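> Below are the sequence and a predicted model for it; my questions follow.
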Amino acid sequence: MTLRRKLRIIHTSDTHLGDDWDPDSAQRALSAVVDGVHDLRGDALLIAGDAFDNARISDAVLDFFVSEIGRAAVPTVILPGNHDLYDSASLYLRSPFVTAPDNLHIISGTRGQTLSFPDLALEVWGRAMDSHTPAFRPLAGIPNGRNGHWRVAMAHGHFHYPDDTEERSSPIHPHEIAEASCDYIALGHWERFEDVSQNGVTAFYSGSPMGASSARGRVAVNVVCFDATQTNPVSVVQAALPITT
Ligand SMILES: [Mn+2]
């Protein structure tokens, strides 16, 4: 018998709400993702960093975000990234989040934090970014040991392919993925969809909703299916969603 029920998780990142260049399209993209959570029958939504573009954005943008996440209705986990750092001036400390709906969860532990969702037999670990530097390691401190629940890690940073020897901020190295004790790593920071799985540990960038979509008028998200009865218990597909507003 397994504690692990079937799960379907919707993974996105880098929505960059409040982007001065095109604020309306970022909001429409988030709304399309939230609609997609319902249409795809997602059990949870993960936003792997840079939900917001900068810390100067208005409360109206935060209010919009909080309201949309409330509309998603399923547990939603937000990981702060380099554009929406979790530092002393973080936008996540502002008033719209004080009255946020119960389904909105922000990873605030800058040395790592695990959130548990017993109803889903799911644990989500992440490390909130407080500074975007080469010293910040998004996967450092991921716990070992398992309790029979699905475990997902969220990380916002730059994956180093073996030939990428440049020093970058918030680096993620192949061996860190290979050694991670989890079923899936939801990555953010890159605009595009990319599979960077290592040694049987499934790890994907979702890309931003618009950046990952190959079609105009659509956004794309990762749909991550967990099913312990399958030979490959974790599978990932991209789903295209219409922008309707
Ligand atoms: Mn980023």
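Done, it's in. Bear in mind the structure is a predicted one, so any value in this text is a computation, not a measurement.
> For my notes, confirm Ala29 occurs in a helix.
Yes: per DSSP: H, G, I helix; E, B strand; the rest coil, Ala29 lies within a helix segment.
> so what's it up against?
When contacts are counted by C-beta atoms under 8 Å, 6 or more residues apart in numbering, Ala29 touches Thr15, Ser208, Pro209, Met210, Val219, Ile243. Placement of C-beta: from N, CA and C, glycine included.
> At the geometric centre of the chain, which residue do we find?
In the chain, the C-alpha nearest the mean C-alpha coordinate belongs to Ala48, at 2.3 Å (C-alpha atoms, centre = their mean).
> State the pLDDT value of whichever residue of the chain sits closest to the ion.
Of all residues in the chain, the one sitting closest to the ion is His189 (3.9 Å; C-beta to the ion). His189 is assigned 98 on the pLDDT scale.
> So which of the contacts of Ala29 belong to strands?
Assignment to strands by DSSP state E places the following of those there: Val219.
> How about the residues of the chain by the ion?
Residues of the chain found near the ion (C-beta under 5 Å from the ion) are Asp50, Gly81, Asn82, His189.
> count of neighbours near the residue of the chain closest to the ion?
Neighbour count for His189, taken as other C-beta atoms under 10 Å: 27.
> Give me the spatial nearest neighbour of Gly49, chain neighbours excluded.
Closest residue in space to Gly49, ignoring its immediate chain neighbours: Gly81 at 2.6 Å, by C-beta to C-beta, 6 or more residues apart in numbering.
> where in the chain is pLDDT low?
For the chain, residues meeting the criterion pLDDT under 70 lie at 1-3, 245.
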